[in-house]
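> based on what follows, work out the 3D shape:
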Amino acid sequence: MATQKHLTHPKYRADIDGLRAIAVIAVVLFHAFPSFLPGGFIGVDIFFVISGYLITTIIIENMEKETFSFFTFYGRRVKRIFPALLLVLTATLSFGWISLHSHEYEQIGKHISASAGFVQNFILWDEAGYFDNTSESKPLLHIWSLGVEEQFYFVWPFVLWFVWVRRYSFLLTIIIVFAVSFYLNNRIIIYDKPGAFYFPHARFWELISGSILAWIKLHSLNSNIQINNKVDKWFRTHLTIFVAFFSRKFLSNVISFIGVILIISGFLIINEQSLFPGRLALLPVIGTMLLIFSGSEAWFNQVFLSNKLAIWFGLISYPLYLWHWPLISFSHIIEEEAPSINLRLYAVFISIILAAATYYFIEKPIRSKSTNIRTLLTLGIANIFLIVSGMYVFMKEGLPNRSNVSEIYSISILFDRPYSPYDSHDCQEYPLPFNSKSLKPIDGECLILNEKQPTKMFIGDSHTIQFANSLANASLEDGLLILKGNNCFPFSTTNYMSKSECKSAFVNLINFLEKDKNIDTIYLSAFWSKSISGRLGDEGVNWRLAALPNEDDILSFLDYGREFLRAAQKNDRRVIFMHDIPILDFDIKRCFDSRPFRITENKKLIKECSLKFSNYLTKNEVYFKTIRTLLNEFTNVEVYDPKELFCETNKCKGVINHKPIYYNGDHVNEYGADLILNDMKSKDLL
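As a prediction, the model looks like this:
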């Protein structure tokens, strides 16, 4: 099959462009206003059927005429797909440079490479689902469908070529592939809904539906015309009253009408929670097949699908599909919430303008050129460049040193790094009377830092682990053991100790402290106000306060505290009690405009990033009184209070030296932990 042969194309049908318009408008409305058209995403399924129909028509018709050329076929696909795609990917990568944090830009880099390589559907399947909570933060989410189509284009011509060469039946082959893919889709969706949505072999049946239609149109055209004529003649003879309405296309109108009903039903019935695609996808698939099958002269196809506005939207449907979602998604990311209706309307309007410009000035001129090596090489090299650029951004972790984000990055990393342990080891590496297995039920962790015989020991909950990173970098001369028992250590109320695993771990810890001769210094830190009450009170975004304790809570806390401190002070140990940090009642992230680029003003920004000192004292009055009662009985216990570091006369600060010192409302970040440990060093407590 010589590469010089000219491929014929099916006769242009304006109504198919109108059908494309319905598909793309539905997708855009769903992405911009999901509650308005909950099933709008099935527009992609309409696209699949149209693509399968047109591509299979071209392939089979040209093979039967012996004019098919792989070079020309794929060359035209490249000219059709690449120009608009490369433009949108380049724009996404460029805008991401000025508007995204490093971790966001890192993801964009990966998705750029995957989209240019037409494997975005596999990447998204690996990350999650189309409707997961982070879908709006993925500007290239929609390119999954392009991946499925291109994978189909890569495989299907070779399948049909093999069938043609071996003189097998086109129709039988198409039906078998359809049946296998449809079965796999309905099988996979039971245990892997994202897989059924993204996998090409689970989606090919929708494109193959168009292939079935293509074969029927190519090989049964005369039969279809004869059937139409007979039905029309019967109606003109027996039901003359309806002749004016039905004209000579009664059967076509009925078929078209059923197709419209099926597609509308899909828009209204299917939503994000539906088991989709599966059998529900038959609604848009069969509906689209019927509309195409009914022909361009059916009433709905003529009046609605073939009007000038519908045709125009159909012509720009591909670039509109590419442009609309990045604009909407970037609005979500930059606003850090669902953008306003006005902003979404602007995004849709701008995407239409960009789509029209892309079609008229880029897509149409390139498609009109002859398929030559130079054009294909230029597009191919540009595509490879995007793949490499995306991989570079991904491998460089989103290029955090970009000039416009470096300062924000240095702050945002203090929020991104959790207070999780710096490193973890089984407690069996140090001869404790209990091992890591006994701690796991209570979320216990044991760390040995500096790989020396531990002489210092930090005991507590997550308000101890928040110091782990800083302790690891503090260049301590002594070995250090950090022991965490969530809500159980150092001591707590009956609310927690009533749990058998918590009580058991506490008893084992007491026994260890009474016998151990190596640990000479013990640091106690915890979410003390929560330890006393055993419950949380008010909670907000990234902050939480402890509930007020009752009398029984206080008494049990004091009892367990006395038992623990008596054991801790044995063997002439130094015991240092660390008061908790001031607990915030607001989201520390609201103190910073964390976006390197904004569309609208950040109205949630807190200008005075602090807690009123009087409120701090009032909310912690019971806590302070309880701790004083306990420590008054153990005068040898040394006390460290970060209040002097964090608080001034009228306020307790959330920011020092223009940097956040909190990770969230009740944990310091690494910078805050460094400040505390350095303050302790200056007071000879560390």
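> secondary structure element for F597?
Assigned by DSSP states H and E, F597 belongs to no helix or strand.
> is it in contact with G96, as I believe?
No: counting by CB atoms under 8 Å, F597 does not reach G96; the two are 9.8 Å apart. Glycine gets a C-beta too; all of them are placed from N, C-alpha and C.
> which of the two has more neighbours?
Using other CB atoms under 10 Å, the more surrounded residue of F597 and G96 is G96, with 26 against 15.
> which one is that one nearest to, not counting chain neighbours?
I108 (4.5 Å; CB to CB, 6 or more residues apart in numbering).
> following the helix or strand hosting the one you found, which helix or strand shows up next?
When elements are assigned from DSSP H and E, I108 belongs to helix 102-116. Downstream of helix 102-116, the next assigned helix or strand under DSSP H and E is helix 120-127.
> can you give me the strands for this structure?
445-449, 454-460, 479-484, 521-525, 536-540, 543-546, 574-578, 610-612, 638-640, 651-653, 655-656, 659-660, 662-664, 667-668 (DSSP state E).
> next, count neighbours for the residue nearest to G96.
26.
> from S137, how far out is it?
10 Å (CB to CB, to the nearest Å).
> for the protein, what are the low-confidence residue spans?
Residues of the chain that meet the criterion pLDDT under 70 lie in 1-6, 129-133, 220-248, 404, 406-410, 412-413, 415-446, 450-451, 486-487, 494-500.
> if you set the cut-off to 50 instead, what comes out?
Counting by pLDDT under 50, the ranges of the chain that qualify are 1-4, 241, 244-246, 421-422, 435-443.
> show me the contacts for the residue nearest to V44 when sequence neighbours are not counted.
Among residues not flanking V44 along the chain, S145 sits closest, at 4.8 Å (CB to CB, 6+ apart). Residues counted as contacts of S145 (CB atoms under 8 Å, 6 or more residues apart in numbering) are 44, 47-48, 121.
> ok, now how distant is S145 from E206?
For S145, the distance to E206 - CB to CB - is 10 Å.
> and N657, by the same measure?
N657 is 58 Å from E206, by CB to CB.
> for those two, indicate the residue with more neighbours.
Neighbour totals were compared for N657 and E206, and E206 leads with 28 against 7 (other CB under 10 Å).
> want to try TSV for the strands of the chain, with mean neighbour count as columns?
Conversion of the strands of the chain to TSV gives the following (neighbours: other CB atoms under 10 Å):
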stretch	mean neighbour count
strand 445-449	22
strand 454-460	23
strand 479-484	24
strand 521-525	23
strand 536-540	12
strand 543-546	20
strand 574-578	20
strand 610-612	18
strand 638-640	16
strand 651-653	19
strand 655-656	14
strand 659-660	18
strand 662-664	24
strand 667-668	22
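> so which of those strands gets nearest K369?
Closest of the strands of the chain to K369 is strand 659-660, at 55.3 Å (criterion: CB to CB).
> for the closest one, which outside residues touch it?
Residues contacting strand 659-660 (CB under 8 Å, 6+ apart): 410-411, 414-415, 588-589, 591-592, 609, 654, 669, 671-672.
> partners of that strand in the sheet?
strand 655-656 (antiparallel) (DSSP bridges).
> and the partner strand, how far from the chain's centre?
32 Å (CA atoms, centre = their mean, to the nearest Å).
> related to what we said a few turns ago, the contacts of strand 659-660, buried ones only, as a PyMOL selection?
Command for PyMOL that selects the buried part of the contacts of strand 659-660, burial taken from 16 or more other CB atoms under 10 Å:
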select buried, resi 411+414+415+588+589+591+592+609+654+669+671+672
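> among the contacts of strand 659-660, which one sits closest to L37?
K589 (33.6 Å).
> which non-adjacent residue is nearest T455?
T455 sits nearest to D478 (CB to CB, 6+ apart), 4.5 Å away.
> how many neighbouring residues does that neighbour have?
Neighbours around D478, by other CB under 10 Å: 13.
> ok, it touching K452?
Yes: taking CB under 8 Å as the definition, D478 is a contact partner of K452 at 6.8 Å.
> which ones among the contacts of S145 are found in helices?
Those of these mapping onto helices are 44, 47-48, 121, per DSSP state H.
> out of the residues you listed, grab the one that's most surrounded.
Highest neighbour count within the ones in helices among the contacts of S145: F48, with 29 neighbours (other CB under 10 Å).
> sorry, back to before: separation between the residue nearest to V44 and K659?
S145 sits 44 Å away from K659, going by CB to CB.
> my guess is A382 meets L87, correct?
No: look at A382 against L87 with CB under 8 Å: they stay out of range, at 9.7 Å.
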